[in-house]
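**Q** Kindly generate the corresponding structure for this input.
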Amino acid sequence: MTAKRPPVLAHERFVADRENFAGLDLAARFARIQQTNLWGAATSVSGLGSEDPATAAIREELPPLLRQLGARSLLDAPCGDAGWIGRMKLDVDYTGIDIVPSLIEANNQRVARGEVSGRFVMADITRDALPPADVILCRDCLVHLSFDNIACAVANFRASGARFLLVTTFPEWDANRDCEDGDWRALNMERAPFNWPVPRALINERCEEGGGGWRDKSLGLWRLDELPDRARMTTAM
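**A** Numbering: from 1, shown residues only. Next up is the predicted model:
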């Protein structure tokens, strides 16, 4: 199925703007993406995947999954503009983190106005100490990071002491490839260089982007202590 997938707007727009990312560090890259609405969504600077139709399945299935896990706290890493999740009633202690200062400032202003609950903190998932939580939600993020930064992020998630990780995966994707930070490509976390075990649960997002060509897009659930460490990651084919 890898060779037949339709184009994705986030990748196409990054390629068109690639020269403007030269020399930028990770924080500056995602600040530029936010400031220019590079991912092209009409209602969310966090991209098409954060708009209401794209999050319906998660909004239905995330709360019962968290209850099933006995989760008392959730770290949304990264939270982006917290648009869809900020409107949910989650019976957990919620913390959102993001590398872009303006997003965290805007989210905290929403908290002050009583529009959302929880707390928002600026942090880089690849290197900063993370707030403790039972479950980490990392949706639509690793697909934008290089293999090196994915390895750093996962090691950082493990070091936080969290038990579970929910992360975007494409179970029918054949072969993972590396990318420049800020670009986009699909990832199947069960294939090299990650080689993660079969997820304990899978929320199919019922993705309609590309005429259904990405219909396997899902949130997979893994125990962090069952994931291979960085030293065991194999070279991508």
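**Q** Could you list the low-pLDDT ranges of the chain?
**A** 1-3, 39-52, 230-237 (pLDDT under 70).
**Q** all strands of it, in order?
**A** 73-76, 93-98, 119-122, 135-138, 164-169, 201-204, 218-223 (DSSP state E).
**Q** For R87, which non-adjacent residue is closest in space?
**A** In space, and not counting its chain neighbours, R87 is closest to V116: 7.7 Å by C-beta to C-beta, 6 or more residues apart in numbering. Using the backbone N, CA and C atoms, a C-beta is placed for each residue, glycine as well.
**Q** which ones are touching that neighbour?
**A** Contact analysis of V116 by C-beta atoms under 8 Å, 6 or more residues apart in numbering lists 82, 86-87, 107, 110.
**Q** Contacts only, for the residue most central in space within the chain.
**A** Centroid-nearest residue in the chain: R139, 2.5 Å away (criterion: C-alpha atoms, centre = their mean). By C-beta under 8 Å, 6+ apart, the contact list for R139 reads 49, 58, 166-168, 219.
**Q** same thing but at 7 Å, please
**A** R139 is in contact with 168, 219, counting by C-beta atoms under 7 Å, 6 or more residues apart in numbering.
**Q** gap between it and Y94?
**A** Per C-beta to C-beta, to the nearest Å, R139 is found 14 Å from Y94.
**Q** now swap in A162 and tell me
**A** 14 Å.
**Q** from memory L65 sits against A201, does it?
**A** Yes - with contact defined as C-beta atoms under 7 Å, L65 reaches A201; the gap is 6.2 Å.
**Q** Among the two, which residue is more densely surrounded?
**A** Neighbour count, other C-beta atoms under 10 Å: between L65 and A201, L65 has more, with 18 against 15.
**Q** Show me the helices in the chain, by range?
**A** 9-17, 26-35, 52-69, 101-112, 147-159 (DSSP state H).
**Q** which other residues reach the third one?
**A** For helix 52-69, the external contacting residues (C-beta under 7 Å, 6+ apart) are 48, 74, 84, 88, 90, 92, 135, 164, 201, 203-208, 219.
**Q** my read: V167 touches M189, true?
**A** Yes - using C-beta under 7 Å, V167 is in contact with M189, at 6.5 Å.
**Q** so what's in contact with the two at the same time?
**A** Listed contacts common to V167 and M189 are G220; contacts here mean C-beta under 7 Å, 6+ apart.
**Q** and those two? which has more neighbours close in?
**A** Legend: neighbour count by other C-beta under 10 Å for V167 and M189, higher for V167 (28 against 24).
**Q** give me the beta-bridge partners of that one?
**A** In this entry, V167 is beta-bridged to C138, G220, by DSSP bridges.
**Q** Could I get the contacting residues of it?
**A** Going by C-beta under 7 Å, 6+ apart, V167 touches 138, 142, 189, 220.
**Q** quick revisit: just the buried ones from the contacts of V116?
**A** Among the contacts of V116, those buried by neighbour count (16 or more other C-beta atoms under 10 Å) are 82, 86, 107, 110.
**Q** Can you report how many residues neighbour L142?
**A** Neighbourhood size, L142 [other C-beta under 10 Å]: 20.
**Q** Next one: it from L187, what distance?
**A** From L142 to L187 the distance is 6 Å (C-beta to C-beta).
**Q** can you check Q34 too?
**A** As defined by C-beta to C-beta, Q34 lies at a distance of 22 Å from L187.
**Q** next one: L69
**A** For L69 relative to L187 (C-beta to C-beta), the value is 23 Å.
**Q** Quick check on these two: which one has the bigger neighbour count.
**A** Remark: of L69 and L187, L187 carries more neighbours, 21 against 17, as counted by other C-beta under 10 Å.
**Q** Thank you, goodbye.
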